[in-house]
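In: Please work out how this folds:
(chains A, B, C and D)
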Protein chains: 4
Amino acid sequence: MNLNTKGLLPEHMEHRGKLTLKENLKIVENILEQRKIPEVGIDEEHIKLLLRLLSFMDTDKDPNVIQIGEREARVYTKLQRDSVFDFCHGVGRSGNLTDPQPKAPGASAMYKLTNKILESFLKFLGLKVNAIATPVATGMSLALCLSASRKKYGSNVVIYPYASHKSPIKATSFIGMRMRLVETVLEGHIVKVDVGEIEDAIKREIKDKNNPVVLSTLTFFPPRKSDDVVEISKICEDYNIPHIINGAYAIQNFYYIDKLKKALKYRVDAIVSSSDKNLFTPIGGGIIYTKDESFLKEISLTYPGRASSNPVVNILISLLAIGSRNYISLMKEQKTCKKLLDDLLEDLAGKKGEILLQVENPISSCITTKKDPLDVAGKLYNLRITGPRGVRKNDHFGTCYLKEYPYNYIVVNSAIGVKKEDIYMVVEKLSSVL
Amino acid sequence: MNLNTKGLLPEHMEHRGKLTLKENLKIVENILEQRKIPEVGIDEEHIKLLLRLLSFMDTDKDPNVIQIGEREARVYTKLQRDSVFDFCHGVGRSGNLTDPQPKAPGASAMYKLTNKILESFLKFLGLKVNAIATPVATGMSLALCLSASRKKYGSNVVIYPYASHKSPIKATSFIGMRMRLVETVLEGHIVKVDVGEIEDAIKREIKDKNNPVVLSTLTFFPPRKSDDVVEISKICEDYNIPHIINGAYAIQNFYYIDKLKKALKYRVDAIVSSSDKNLFTPIGGGIIYTKDESFLKEISLTYPGRASSNPVVNILISLLAIGSRNYISLMKEQKTCKKLLDDLLEDLAGKKGEILLQVENPISSCITTKKDPLDVAGKLYNLRITGPRGVRKNDHFGTCYLKEYPYNYIVVNSAIGVKKEDIYMVVEKLSSVL
Amino acid sequence: MNLNTKGLLPEHMEHRGKLTLKENLKIVENILEQRKIPEVGIDEEHIKLLLRLLSFMDTDKDPNVIQIGEREARVYTKLQRDSVFDFCHGVGRSGNLTDPQPKAPGASAMYKLTNKILESFLKFLGLKVNAIATPVATGMSLALCLSASRKKYGSNVVIYPYASHKSPIKATSFIGMRMRLVETVLEGHIVKVDVGEIEDAIKREIKDKNNPVVLSTLTFFPPRKSDDVVEISKICEDYNIPHIINGAYAIQNFYYIDKLKKALKYRVDAIVSSSDKNLFTPIGGGIIYTKDESFLKEISLTYPGRASSNPVVNILISLLAIGSRNYISLMKEQKTCKKLLDDLLEDLAGKKGEILLQVENPISSCITTKKDPLDVAGKLYNLRITGPRGVRKNDHFGTCYLKEYPYNYIVVNSAIGVKKEDIYMVVEKLSSVL
Amino acid sequence: MNLNTKGLLPEHMEHRGKLTLKENLKIVENILEQRKIPEVGIDEEHIKLLLRLLSFMDTDKDPNVIQIGEREARVYTKLQRDSVFDFCHGVGRSGNLTDPQPKAPGASAMYKLTNKILESFLKFLGLKVNAIATPVATGMSLALCLSASRKKYGSNVVIYPYASHKSPIKATSFIGMRMRLVETVLEGHIVKVDVGEIEDAIKREIKDKNNPVVLSTLTFFPPRKSDDVVEISKICEDYNIPHIINGAYAIQNFYYIDKLKKALKYRVDAIVSSSDKNLFTPIGGGIIYTKDESFLKEISLTYPGRASSNPVVNILISLLAIGSRNYISLMKEQKTCKKLLDDLLEDLAGKKGEILLQVENPISSCITTKKDPLDVAGKLYNLRITGPRGVRKNDHFGTCYLKEYPYNYIVVNSAIGVKKEDIYMVVEKLSSVL
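Out: Numbers count the residues shown, from 1 in each chain, chains lettered A, B, ... in the order given. This is a model prediction of the structure:
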């Protein structure tokens, strides 16, 4: 680009202006040059300029184009164009989500760039993996992984150490696979699934001539503990069975990341995390990562048709705007808030004759209640608190086939992005209704 | 809302100002009051205000909220918020795409409103159906329909009168159903699938104790003719077999709409159309409609998890911004342009010793070429023309298992939104390379 | 700028994407290269990119800057930044409005560019002049011209052929000059000022040892006719007296432009036109033009301090967005609408026993009324018609010192931008209240 | 406004959604209800909604309007509309800046609201005054005050205790008043103007039958000390002479505010402050305040014609977005930074054998240099530092007619909005070039 400002300014000012412009453009150029998460977050104006320039590469922006296809990114309002950052052709081709789309060189480059930067971010956190940003949220992303497993390995049954989460169950049902649940057991305050039981389930399915795929859960509400993904990965390696990990909010805490690092030494075909829970995007995108590049390709080939560019761009924006240094700060703050939450709940439990349940969870805490927990949760909702869950001891969905959990309880979270004030406030409110 | 402007203005001006404000607010109120497509399109500012007010209903906008969940619509930049019109919680719940989301009353109301207005629009076009806007494009929407058919009717094989379109094939494979292709035949210049063959395929599958679902194609590139959806619907009714219609760009022309109206008298479980091809949205959304409300519910229950609000809002915006009167004008213009295209191509064919193929298609036309059609298409691409397809006579994907089509040919489209200038230009360019 | 997309795309797509980007950037580069009004208007996205790049030249955008002045363009919200297109330092220096501002090379270049393009636009219309866009509207722009005349020529009295317009009178009073009114006379239906009277006024002031400057009015509501600016220019040349022309909406019609062209052969020191009336900007800017470059410099030197960049950028946007070809169309449409208005009013007058006054005006028409014209205007206001004026025959401000005008009348305008529908509607409404 | 969401949501969610909406609207309503600076700043989305609703009151937004005036706020692009927050008719009438404009009830209410909130802000700071936001910056605002003084009191000479600031001098010359400078004297390191000299100047002008107005300077670069506005106000009261105070950045520090409070007990006709320097707006607006409501009216009557709404809205946005509590924090931070600056400069001076000049200034500091100060400033500019001034001892403009100031020096500022990092950085850089 050559901006001719000659004669519009005195030379020394022109020199200075061009220098300033150059440094601003450098910020944009560097994103494309380095293709990794910046250390310090980049401001919105530079991100907007990057997106503007990339979307100027799509054919529908060609000032000389004649469009006579049946799908030509004719968009009715500017409002709509802006909402997809002018990537009106979306991402993907009918054959492959990550394939470059000839009508949209800009969107295609943007998507590849997003994946590169996403990989650099995961590497920065210690996860040396390949990754793709998906234009669908966690549930649908799990469906993609499981379907890809069927295609590549002929998987026909999903072994699911039970967690009371509808999305994975829906995902399995959506793509038409059978699900074999593995029952939870109680260990102290913790609800968990024995690795031995999982192995048994695998054996039984193999014996029945089936091809199982294991779908383990790394992140979930306590008292359900994380599945032991490391041991499961070892077993899957031993039995040569695909293994998908649901790590919805795994990226925000090193407790989870460390488990993933270890598991990745054995058999892990794909890990799914949420972009909104970890990366502060609006709901709608997901991230899938693995050391197995060819399986990632298979996942991408599984997606039927094109998709909205919006969730992908939102992931790109978050990565660029947050920056690695600030993400580490946010992780630290999350940890500090969790510690504060536990201390305050311990205190509250003491006063109220309740118990802070001994559950191993870096994000969420549980406190018992002698009242009806649904009632307590309802009252908190009315006090303008969103997030806590009240679970009755006899709620089967809360604890699976366990006859009964020993306590009624309330779950409170301290996820990334939470502030100390929030923690103080929620415990104060909790105190008033418990 | 009570805006106290007392004393800020002389009374008569305050009166006039309030009147003008009231009339502007009335436009927004009317959308919610009438819940149907406006006759005259509404401008962006009023649509923005509607979206602003609705998104102010979501709990993450509550000025007094304390958020301690793990998913609290914490979004990093304003840029991202704006891109989803501040509906940061997306649409759907883990259990059901169209279920209201307690954290997002505004997004939930917006989604329901979109579906209502979509239904009114289809009704206006003569289709008395129930409808949902989907946050995924045509391919994935077809996957939802087929999976719902499996759930509700135990369908295990998709009977697909062959059309060379990857998305439906991918969709079927993604959700893990077997596909039975029904072969095409040649009739004059037309490539079509005999209804009798489809019936045979159904019979054979039933005989083999299978539960077939038919996926017919209403809109496709010529020389492939539309499937006879009316006859297929009758057969499906006779055999009590579910029937999904892929009508990607069916809404823009009454040729298709009339066929759909007739088919809907018999067995049609769902019709899928594209939002970008018919409604001028960016790529990313779809619309599914049917007379069978309970099947629509099943489809909605099939979607695993939440989804981005962006594609849904984009459908809403298009419906409001276009208005029914202008949509009819656009349909007329499409028809006029198609007529013009045929006339010009007829002419061109005469000059060049080529043939304007006699294919029955209200959107697209085919002209033969003695040159290599891929070469011709490549040259057109380089002349900045997007959309035309060149197909070699021996391209199996172009014509399925037919040994050979009689001609090499070029397909040119005159879809909704095209302008006469485009038609003149493309034929001029075509003339230079044919 | 070097956007490294290597490896993000297949080479042929990268090539195509870069080509499309290049053509889009070319549009922006051409603005700076050619520095004249484009023939075809440029769309908002390219204009935004131009402004973005220019404002990235201002020192407050320097990523490495340390700001320790007392005025450092620290702006509290992004909303405010956007409203001045990020030209937060405004335009001008304390010494000279058009001087480059060292803190703002980008804004300075933008301002100079605006003036260049403005000049090319005026030249395109046949006016070979120097021009500046001013950050203040017509009234204040007139004040600048008159004050500059005092500085350069020692002018101490403004000779004003009376028109009932507050702004010029206020402008004169604001800068502390005496105003000598020249009385209007009646000629048929027309109210005008005799050139002879103006000459007499000049003579008298000179005789009294004063230094008069003439402020003539080219555009005004009928029945007041345009001053004969050509004759006045000749007289001013003869007497060596500065001459300022108030041509508020002179640019939109060749009737006025032709008069200006002729007048510019004699003594015209500056012409002031409105940016909102002629160029479809929001209210707030003005344009001043003249063949006398040194007087223009004087005017620019007269402005005390810096000013908002908003009105200047708005002029630039209009010039780029409209384009010369479309401006000519708009001028033609204005003319057609005026003809239509006259025909319809003639008709209406016939039916109602009123008269379409024979006033020479290319924009506005007058129809008599036997009713109270204030009443009629009030009723029109209540019928949602903005713009018409009702004037009573004995309104001194309407007609100056004339004892009485022969008729009560209503003025209706057909200014640039008006549509035929508006004309039909206003006459219909007028018919209902007359 | 009545948003009918009935049936779009389950009742309890509708209730919650409406509650959240209501609280959000309440934030907007409260602005109009309370008409004072909020304690806690309001976020951009609510401010935008307020502006949207107000601008929906302007007649050009009337959905049923027929516009046939010559100035109908026809604006060519949405970009331009947005830049004035859709207040396309600007502010003011030809007769009076603050008069309600019949075509623009919304803009008129917005302007009045801005002035009310501005007054509440000044009152919060201890200044019980009437105030108007002006659509022009400090220089032009001073011109308005001086011209109003001429109109109301017949002032014909401006007595200006000399400060080397072009804007007031230009303002005086622009409106055609004579300026009588009062010479500065040296007192220690301070350059000041003796009050006695000012009184003498007044006496002399009165003796010569003139009507002087005093234009004193409260805020200026050291070593020039603030004029003793309290004493000058007393003198002006004694002599019954109008008194205008240039307090460009007076609002940000209580040192100045206290002086103004005291001065306001005597004769102060108007104080002018900058909106960008004190309120973090883009350059372009000013604020004028006084206890004399009728003089404020006179000022407003002085402005010829309408003006851009942009600078006024920007003042409103700042007041709403900052909030009183945060403004106090910013003032405290400014003070802390100034202390830090002095400490660091003291240190630096010690090391370099220079002197931190003993000047009484709450914003800016001066350090001597044995090098050429222009050279030092130039080097700082090249080091990306904007703001510092280098002044040679023999620069007459720096110190007026004083033969010579004892030192070459550099001025460094610590104005509101500055950060500690900036202070550390500038002294570090200064150290490297001094």
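In: do you know how far the closest residue to A:Phe221 other than its chain neighbours is from chain D?
Out: What sits nearest to A:Phe221 in space, not counting adjacent residues and going by C-beta to C-beta, 6 or more residues apart in numbering or on different chains, is A:Val411, at 5.1 Å. C-beta here means a position set from N, CA and C on the backbone, and glycine is covered the same way. Distance, A:Val411 to chain D, by C-beta to the nearest C-beta, to the nearest Å: 21 Å.
In: Am I right that A:Val411 is in a strand?
Out: Yes: judged by DSSP: H, G, I helix; E, B strand; the rest coil, A:Val411 forms part of a strand.
In: quick one, helices of the stretch 51-200 of chain A?
Out: A:78-83, A:105-124, A:138-153, A:166-174, A:195-207 (DSSP state H, counting those that start in this stretch).
In: quick one: which of those is nearest A:Val376?
Out: Closest to A:Val376 of the helices of the stretch 51-200 of chain A, according to C-beta to C-beta: helix A:166-174, at 22.6 Å.
In: close to chain B, is the closest one?
Out: Yes: residues of helix A:166-174 are located near chain B by C-beta under 8 Å from any C-beta of the partner chain, namely A:166-168, A:170-171, A:173-174.
In: go on, stretch A:412-428?
Out: Yes: Stretch A:412-428 lies within reach of chain B by C-beta under 8 Å from any C-beta, at A:412-415, A:417-418, A:422-423, A:425-426.
In: how many neighbours does the nearest residue to A:Lys338 once chain neighbours are set aside have?
Out: Nearest residue to A:Lys338, sequence neighbours excluded (C-beta to C-beta, 6+ apart): A:Ser414, at 4.2 Å. Neighbourhood size, A:Ser414 [other C-beta atoms under 10 Å in any protein chain shown]: 29.
In: And A:Lys370, by the same measure?
Out: 12.
In: Relative to chain D, which residue of chain A is the closest?
Out: A:Lys78 (7.1 Å; C-beta to the nearest C-beta).
In: beta partners for the residue nearest to A:Phe221?
Out: Counting by DSSP bridges, A:Val411 is bridged to A:Cys366, A:Arg389.
In: quick one, phi psi at the spatially most central residue of chain A?
Out: Centroid check for chain A by C-alpha atoms, centre = their mean gives A:Ser274 as the closest residue, at 1.5 Å. Backbone torsions for A:Ser274, taken as degrees, to the nearest 10, come to phi -90, psi 140.
In: Next one: it, what pLDDT does it get?
Out: On pLDDT, A:Ser274 comes in at 96.
In: how about whichever residue of the stretch 101-250 of chain A sits closest to chain C, what does it touch?
Out: At 2.8 Å from chain C, A:Pro105 is the closest residue in the stretch 101-250 of chain A, using C-beta to the nearest C-beta. Neighbouring residues of A:Pro105 by C-beta atoms under 8 Å, 6 or more residues apart in numbering or on different chains: A:57-59, C:9, C:13-14, C:16-17, C:20.
In: Pull the distance from the helix or strand hosting A:Glu23 to the chain's centre.
Out: Using DSSP states H and E, A:Glu23 sits within helix A:11-34. Taking the mean of its C-alpha atoms, helix A:11-34 sits 35 Å from the chain's own mean (C-alpha atoms, centre = their mean, to the nearest Å).
In: how about the nearest residue to A:Asp194, chain neighbours excluded?
Out: Nearest to A:Asp194 is A:Val185, by C-beta to C-beta, 6+ apart, at 6.0 Å.
In: Quick check: the one you found touching A:Gly196?
Out: No: contact status for A:Val185 versus A:Gly196: not in contact, 10.3 Å apart, counting by C-beta atoms under 8 Å.
In: Which elements pack onto whichever strand or helix holds A:Tyr327?
Out: Using DSSP H and E, A:Tyr327 falls within helix A:324-352. When contacts are defined as 3 or more C-beta pairs under 8 Å, 6 or more residues apart in numbering or on different chains; DSSP states H and E, helix A:324-352 sits against helix A:105-124, strand A:364-368, helix A:420-433.
In: mean confidence for the last one?
Out: Average pLDDT, helix A:420-433: 94.
In: for that helix, packing partners?
Out: In this structure, helix A:420-433 packs against helix A:324-352, helix A:373-382, strand A:385-386, strand A:409-413, strand B:66-67, with contacts taken as 3+ C-beta pairs under 8 Å, 6+ apart.
In: in that helix, what counts as buried?
Out: A:422-423, A:425-427, A:429-430, A:433 (16 or more other C-beta atoms under 10 Å in any protein chain shown).
In: quick one, what contacts the residue in the stretch 101-250 of chain A that chain B sits nearest to?
Out: Distance from chain B to each residue of the stretch 101-250 of chain A (C-beta to the nearest C-beta) is smallest for A:Gly139, at 2.5 Å. Listed by C-beta under 8 Å, 6+ apart, the contact set of A:Gly139 reads A:167-168, A:170-171, B:94, B:303-306.
In: Please, which helix or strand holds the residue nearest to it when sequence neighbours are not counted?
Out: Spatial nearest neighbour of A:Gly139, chain neighbours left out: B:Gly305 (2.5 Å); criterion: C-beta to C-beta, 6+ apart. Under the criterion DSSP H and E, no helix or strand holds B:Gly305.
In: Around chain C, which positions in the stretch 101-250 of chain A sit nearby?
Out: Looking at chain C, the residues of the stretch 101-250 of chain A close enough under C-beta under 8 Å from any C-beta are A:102, A:105-106, A:108-109, A:112-113, A:116.
In: redo that, cut-off 6 Å
Out: A:105-106, A:108-109, A:112-113 (C-beta under 6 Å from any C-beta of the partner chain).
In: Redo the residues you listed as CSV? Include pLDDT.
Out: Formatted as CSV, these follow (pLDDT from 0 to 100):
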residue, pLDDT
A:Pro105, 95
A:Gly106, 97
A:Ser108, 97
A:Ala109, 97
A:Lys112, 97
A:Leu113, 98
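In: what's the farthest-apart pair in those residues?
Out: Top of the distance list for those (C-beta to C-beta): A:Pro105 and A:Leu113, 12.2 Å.
In: ok, what's across the strand from A:Leu215?
Out: What pairs with A:Leu215, by the bridge criterion (DSSP bridges), is A:Ile244.
In: Revised request: answer the last question for A:Ile66.
Out: Beta-bridge partners, per DSSP bridges, of A:Ile66: B:Ile385.
In: Can you report how many residues neighbour it?
Out: Neighbour tally, A:Ile66, other C-beta under 10 Å: 23.
In: ok, now A:Ala263?
Out: 25.
In: Ok, the one 10 residues further on next?
Out: In terms of burial, A:Ser273 registers 27 neighbours under the definition other C-beta under 10 Å.
In: hey, which of the helices of the stretch 51-200 of chain A is tucked in deepest?
Out: helix A:138-153 (a mean of 27; mean count of other C-beta atoms under 10 Å in any protein chain shown).
In: any idea of the pLDDT on the residue nearest to A:Phe221?
Out: Value for A:Val411, per-residue pLDDT: 95.
In: Same check on the one 4 residues further on?
Out: A:Ala415 is assigned 94 on the pLDDT scale.
In: ok, it touching B:Glu70?
Out: Yes: using C-beta atoms under 6 Å as the test, A:Ala415 is close enough to B:Glu70 to be in contact (4.3 Å).
In: Could I get the buried residue list for stretch A:24-39?
Out: Those would be A:24-25, A:27-32, A:35-38, for stretch A:24-39 by 16+ other C-beta under 10 Å.
In: Just put those in TSV and tack on pLDDT.
Out: Shown next, in TSV, are the buried residues of stretch A:24-39 (pLDDT from 0 to 100):
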residue	pLDDT
A:Asn24	97
A:Leu25	97
A:Ile27	97
A:Val28	98
A:Glu29	97
A:Asn30	98
A:Ile31	98
A:Leu32	98
A:Arg35	98
A:Lys36	97
A:Ile37	98
A:Pro38	98
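In: ok, so of those, who is nearest D:Gly353?
Out: The closest of the buried residues of stretch A:24-39, once distances to D:Gly353 are taken by C-beta to C-beta, is A:Asn24, at 39.9 Å.
In: Once you drop chain neighbours, what's closest to the closest one?
Out: C:Phe56 (4.2 Å).
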